[in-house]
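Participant: how would this look folded up:
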Amino acid sequence: MRLRSPAKIVDEVERLNREHGLSLFHFTDSVVNRPTDHFETLCQEILRRKLTINWTGFFREDTLTEQSTDLAVRAGLIAVYFSADALTDHGLKVLNKQLSKDDVLRSARITAANGVLTMCHFLINLPGETRAHASEARDMLHRILDVHDPVGNLGAVIFNNVRLYPDALLTRKLLKTGLLDPRIDLLYPVYYNPIESAHVLHELEACCHAAGVFSRLGLTTRGEANPS
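Facilitator: So this is what the prediction gives:
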């Protein structure tokens, strides 16, 4: 991991803000809040310079705390992106996320307590998942929706299937077990999504629509334009 000096990062932000009028930034780090001390120093530097900006980034659930979230919000954070990538214990293990479902729920409670807009990303129909796992995923999704519902700060839940890349560990496992045809050219996008359980993703999307989550992105559950 290579880290830029927080002071130099904020130098860049400040210049773009003052010389070009930019006030909204997205930190493209794969995980903006890791290492924690670097992240907190960055937030403190923004506050020290009294910059009037807003920003977003992808956050790691297990290192998010109430204190660091409060600090970030005071420094201009307006939207948090999470990418736990799995709603089941099995999926988290398959993807080697080194996260637990408790981490995911705890981070949801933290952003809900702050009211900061939150987006979540999950991969569905992962290798080895069964009907029991699909039921577990639905239960976990409903728990996340329940956490955010009183505050209304869940902006979107994005579902997808896992893409298989050449020579990736997961790809090698699928080839070894015969679940992937070795003749497939992986230089073109190939996603793991067995047809017999492909419906699960759409069922989970329907749960989000029923909960009104996507209405906060300018849609209603009837597909009409939201005048607000």
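Participant: only C-alpha atoms for contact and neighbour calcs from this point on.
Facilitator: Noted.
Participant: select the longest helix from this protein.
Facilitator: As assigned by DSSP state H, the longest helix anywhere in the chain is helix 131-148.
Participant: and that one, what's buried?
Facilitator: 133-134, 136-138, 140-141, 144-145, 147-148 (16 or more other CA atoms under 10 Å).
Participant: same list, the residues you listed, but as a markdown table with distance to residue 158 and pLDDT please.
Facilitator: Listed next are these as a markdown table, based on distance: CA to CA, whole Å; pLDDT from 0 to 100:
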| residue | distance to residue 158 | pLDDT |
| --- | --- | --- |
| 133 | 19 | 97 |
| 134 | 16 | 97 |
| 136 | 18 | 98 |
| 137 | 14 | 98 |
| 138 | 14 | 98 |
| 140 | 15 | 98 |
| 141 | 12 | 98 |
| 144 | 13 | 98 |
| 145 | 13 | 98 |
| 147 | 17 | 98 |
| 148 | 15 | 97 |
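Participant: which of those lies closest to residue 168?
Facilitator: Lowest distance from residue 168 to the buried residues of helix 131-148 (CA to CA) belongs to residue 133, with 23.5 Å.
Participant: do you know how far the closest one is from residue 89?
Facilitator: From residue 133 across to residue 89, the span is 9 Å (CA to CA, to the nearest Å).
Participant: so where do the strands sit in the protein?
Facilitator: Taking DSSP state E as the criterion, the chain carries its strands at 24-27, 54-59, 77-85, 117-123, 154-160.
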